[in-house]
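Chemist: I need the structure of the sequence given here:
(chains A and B)
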Amino acid sequence: MKKTAKDAILARIRGAIANAPEPPPIPRDFRERDERDRAAILEDFIDRLADYKAIVTRTDEAGLPQAIEEACRQHGISRLVLPADLPSSWVPSGVTVMRDDPPLSLAALDESSGVLTGCAIAIAQTGTIILDGGASQGRRALSLIPDRHLCVVRAEQVVGLVPEAIVGLAERATHPITLISGPSATSDIELSRVEGVHGPRMLHVFVVHAR
Amino acid sequence: MPSKSLPMFPQAAKAALDNSQLRRNLGKATTTIRTKRASVVSELPDWEDLRAAGSAIKAHVMRHLDEYLLQLEAAVQRAGGQVHWARDAAEANRIITGIVRGTGADHVVKVKSLTTDEIHLNKALAAAGIRAIETDLAELIIQLAGETSSHILVPAIHKNRSEIRDLFRRTIAKGEDLTDNPQQLAAAARRYLREQFLSAQVAVSGANFAIAETGTICVVESEGNGRMCLTLPQTLITVMGIEKVLPTFQDFAVFLQLLPRSSTGERMNPYTSLWTGVTPGDGPQTFHLVLLDNGRTNVLADEVGRQALHCIRCSACLNICPVYSRTGGHAYGSVYPGPIGAILTPQLVGVKQAKTLPYASTLCGACYEVCPVKINIPEVLLHLRGEVTRGTSPLNPEALAMRELAHIFANPKRYEQAQGLARHGQGLFMHGGVIDHLPGMLGSWTTARDLAPVPRQSFRDWWRERQKGDQV
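Modeler: Residues are numbered from 1 along each chain as shown, chains lettered A, B, ... in the order given. So this is what the prediction gives:
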């Protein structure tokens, strides 16, 4: 029988490394936790978001609905997409609400003017928000096609360093995961940065402090 | 693997150096990215620890590559994906073309991928009547212009804004009132591509990383074109070099810190997508992973050269390289330009096919210093130069001349006689205290550099006189 491509490649790999010595153990001396206090970590998160030209509003649980409503007005959002399980207390008045239940068509998403989601976890060091399809996040297309992304991040969801957030993702990997660091951007023309290419052109983050 | 030889680097470089627009664009771009990289790297107190870990993880993976690929395959299959193995470009193209044909689609949207450039996938698809639409802005620009990439990260680095405006007016924005403002140009691309994204049935991507423990594939990007391709079509085909696999998410966390800072000089790139097989109700419902060898196992077999497989395609070595930042990418004649290309291309296609590339370097070592996974590029360059020399006939003029020199240098008497001869003869070729042109075949040495003359008094002469007591 003819050798399959898989067998051939594996045989070539085994031949290539047959006499290679076992490399030394992997040194993991890099930082795995940010030991500073919560306030400093949160400050970093907000600073990094601003650096990406994301808009940040700091609020608490009670102030959140009003903050969302103001943001919609400020950005001229009239048709707001919501994941199926988004808490109804967050839903602003004065906008046409588009619940993803039953799932909205791509054309409908394209005609919306914004989306409101929660997140799974966030990283202060890099100003990154991670969506994993869990509570209040919905499927990936929701945070991709609408032009403005409003995202609620609870202060306790913010970790310090990249490894703190990533190592735990292995357990959530059965669902697609998206890491978002600012609005979409390109520097492909003479390296001058343009914010807003295919993904949302605007990212507005609500950092919700626990009382 | 192409059996055809690549163009000779010195000739290709000369053409590039004569293009002053290209040199201006390149100079500006490489300096800008270099500065940004240096600034975000200096933010991390543990940068060297991350490099050490990244390097060691890659070395470990290469030593156990067969095991991790099998683990990855099993995990992807468990999650509902299909895995294909391709020995070379032709086999990969056959697999991908077959899958696209099976869907009935007549076009695919593509995420920027060097691996698909390496196998000339777009050409193979076109031959099967399938149109490939590049969706990364720079890739779109060079596709519309009918050109090839000149930089791993910013493929259209050689084009300026007015060239791009003229191109768009001729192609995707006919009749539109377009200025050369990058914001406007990006908006024109967005309008054109959005239609493609919303209607595409099939997407093709590369992969930055694959995580064996879960079967998760990762693509990093900035524009959102990647997310569009990875999310909206019903069928997704990912082509991945076999060296891209990582054992765990813990390892991935290291590379997610090394790559963006080294590549675009950002703390993190705007979007990173991770997916595992298929997920009902979210994204493509059919997923194919094509694992590509195409010369990589040859590289793996070379104990010095195999470190080239550690490359994560960040392009930091291009931006720092005094040769690349002047010649640009086209001179390297391959999808992998710059210092990494100079060691990877000859190993992938065979040293004989790319024998000038290991010499496309000053061996200054800057590439080694910035490499996030500590690939010792100068070491591999020297190793490959050795291969080139071993591959030439022992009767070629350079080898004969070197053998004669070795004969002369091996004996003090012969050495001094030759020195005396040179001292008398060199006057003919000297100008302003240096030898600036040598006759005949020796002339190629002096076309690009001066040669120091043999001094009037050699060290040996001076020593002999000193022994006589004539000197202090």
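Chemist: OK, contacts around residue 34?
Modeler: By default, I'm working from chain A. Residue A:34 sits next to A:41, A:124-125, A:159-161, A:164 when contact means C-beta atoms under 8 Å, 6 or more residues apart in numbering or on different chains. Just so you know, the C-beta spots here come from the backbone N, C-alpha and C atoms, and that holds for glycine as well.
Chemist: Not quite, go with chain B.
Modeler: Contacts of residue B:34 (C-beta under 8 Å, 6+ apart): B:319-320.
Chemist: picking that back up, can you lay out the contacts of residue A:34 as a markdown table showing neighbour count, secondary structure and pLDDT?
Modeler: As requested, these are exported to a markdown table (neighbours: other C-beta atoms under 10 Å in any protein chain shown; DSSP: H, G, I helix; E, B strand; the rest coil; pLDDT from 0 to 100):
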| residue | neighbour count | secondary structure | pLDDT |
| --- | --- | --- | --- |
| A:41 | 20 | helix | 97 |
| A:124 | 26 | coil | 98 |
| A:125 | 23 | coil | 97 |
| A:159 | 22 | strand | 97 |
| A:160 | 22 | coil | 97 |
| A:161 | 22 | coil | 98 |
| A:164 | 20 | helix | 97 |
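Chemist: tally of neighbours for whichever residue of the stretch 151-300 of chain B sits closest to chain A?
Modeler: Closest to chain A within the stretch 151-300 of chain B is residue B:224: 2.7 Å, counting by C-beta to the nearest C-beta. Neighbour count of residue B:224, defined by other C-beta atoms under 10 Å in any protein chain shown: 28.
Chemist: what does residue B:48 give?
Modeler: Counted with other C-beta under 10 Å, residues neighbouring residue B:48 total 13.
Chemist: Those residues of the stretch 301-450 of chain B touching chain A, which are they?
Modeler: Taking C-beta under 8 Å from any C-beta of the partner chain as the contact definition, the stretch 301-450 of chain B meets chain A at B:301, B:303, B:306.
Chemist: Quick check: phi and psi at the second one.
Modeler: In this case it means residue B:303. The phi and psi torsions at residue B:303 (degrees, to the nearest 10) take the values phi -70, psi -30.
Chemist: Contact partners for the residue lying closest to it once chain neighbours are set aside?
Modeler: Spatial nearest neighbour of residue B:303, chain neighbours left out: residue A:20 (6.8 Å); criterion: C-beta to C-beta, 6 or more residues apart in numbering or on different chains. Contact partners of residue A:20, counting by C-beta under 8 Å, 6+ apart, are B:62-63, B:303, B:306.
Chemist: For residue A:20, give its distance to residue B:65.
Modeler: According to C-beta to C-beta, to the nearest Å, residue A:20 stands 10 Å off from residue B:65.
Chemist: Tell me who's in contact with the one residue in chain A that gets nearest to chain B.
Modeler: Proximity of chain A to chain B (C-beta to the nearest C-beta) peaks at residue A:199, 2.7 Å away. The contact partners of residue A:199, by C-beta under 8 Å, 6+ apart, come to A:144, A:183-184, B:223-224, B:227-228, B:270-271.
Chemist: change it to 10 Å
Modeler: Residue A:199 makes contact with A:143-147, A:149, A:178, A:180, A:182-185, B:221-228, B:270-271, according to C-beta atoms under 10 Å, 6 or more residues apart in numbering or on different chains.
Chemist: Please flag which of these sit within strands.
Modeler: A:149, A:178, A:180, A:185, B:221, B:271 (DSSP state E).
Chemist: Residue B:413: which of the residues of the stretch 301-450 of chain B next to chain A is nearest?
Modeler: residue B:303 (41.1 Å; C-beta to C-beta).
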